[in-house]
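> requesting a structural model of the entry that follows:
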Amino acid sequence: MLTHPTLETLHALGLHGCAKGFKDLEADPAAASLTHADWLALILDHEVTLRRQKRFEARAGRAKLRQAAVVEDVDYLAVRGLDRTLFLKLAACQWIRDHRHVIFTGKTGVGKSWLACALGHKACREDFSVLYQRAPRMFAALDLARGDGRYAKLLASLARPDLLIIDDWGPQMITADHRRDLMEIVEDRYDRGSLLITSQVPVNRWHEIIGDPTLADAILDRIVHAAYRIDLDGESLRKPQPGEELA
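A predicted model of the protein is given here:
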């Protein structure tokens, strides 16, 4: 069999997964008993797996998740009030397909950011686009963009992903500009994308943080009523290292 020319052709066509599968089967004595259809199926499976992995790596890179967290590593034994059944349901990502939201609240150190990143990582694996933003830096970036003409472009980038993670929302009251920013973000994503928000502040105080009653009503109506809410409570899960931010 013309192994090398075939491999060269597959690579030339960009079918690098097929090429690897072809090479692996050529080196496997047991492959001699396979039918042509079995060979083709296995080679194509290599191609599909490689392309899926590359898509995941690209999505994960664009997501810029703060922590390397995966849902398989969640500690359900830690005393913090995490409902295993609900979290596993969220890990299936149907809430993203339904354009619903998730809210994690709880004090510093209970793992809000880690759990958010784990769900973001799982969403990448499920072929959803994800973007992670820390709230203070997001608003600072919007302030800069407002002054240099990039504001509309930055808002569009926040509206584009299937899942936008806003980490560390609150506890300070936000400015008038930031209220309008948040309203734009929420409105752009309404019925078109999902939000995952983490906060040290209970949801019943968010109205107070937003400040303006009219905007607060509009913002919270679009988020809270369509959200799964997970309130975490317990001791910090890790001791902070010097200069390290807690989840």
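
> so how far is residue 69 from the nearest residue to residue 73 once chain neighbours are set aside?
Leaving out its chain neighbours, the residue that sits closest to residue 73 by Cβ to Cβ, 6 or more residues apart in numbering is residue 118, at 7.3 Å. Bear in mind the C-beta positions are built from the backbone N, C-alpha and C, glycine included. Applying Cβ to Cβ, to the nearest Å, the value for residue 118 to residue 69 is 4 Å.

> also residue 202?
Distance, residue 202 to residue 69, using Cβ to Cβ: 24 Å.

> list the contacts of stretch 152-162.
63, 96, 123, 128-131, 133, 138, 141-142, 145, 164, 181, 184-185, 188-189, 192-194 (Cβ atoms under 8 Å, 6 or more residues apart in numbering).

> burial count for the residue nearest to residue 73?
For residue 118, the tally of surrounding residues (other Cβ atoms under 10 Å) stands at 23.

> which ones are touching it?
If a contact means Cβ under 8 Å, 6+ apart, then residue 118 has 69, 70, 71, 73, 74, 91 as its contacts.

> state whether it is indeed within a helix.
Yes: applying DSSP: H, G, I helix; E, B strand; the rest coil, one finds residue 118 inside a helix.

> helix or strand for the nearest residue to residue 151 once chain neighbours are set aside, just tell me which one.
The shortest distance from residue 151 to any non-neighbouring residue, by Cβ to Cβ, 6+ apart, is to residue 145 (4.4 Å). Element membership for residue 145 (DSSP states H and E) is helix 135-148.

> coming back round to it: measure the residue nearest to residue 73 to residue 93 for me?
Residue 118 sits 12 Å away from residue 93 when distances are taken as Cβ to Cβ.
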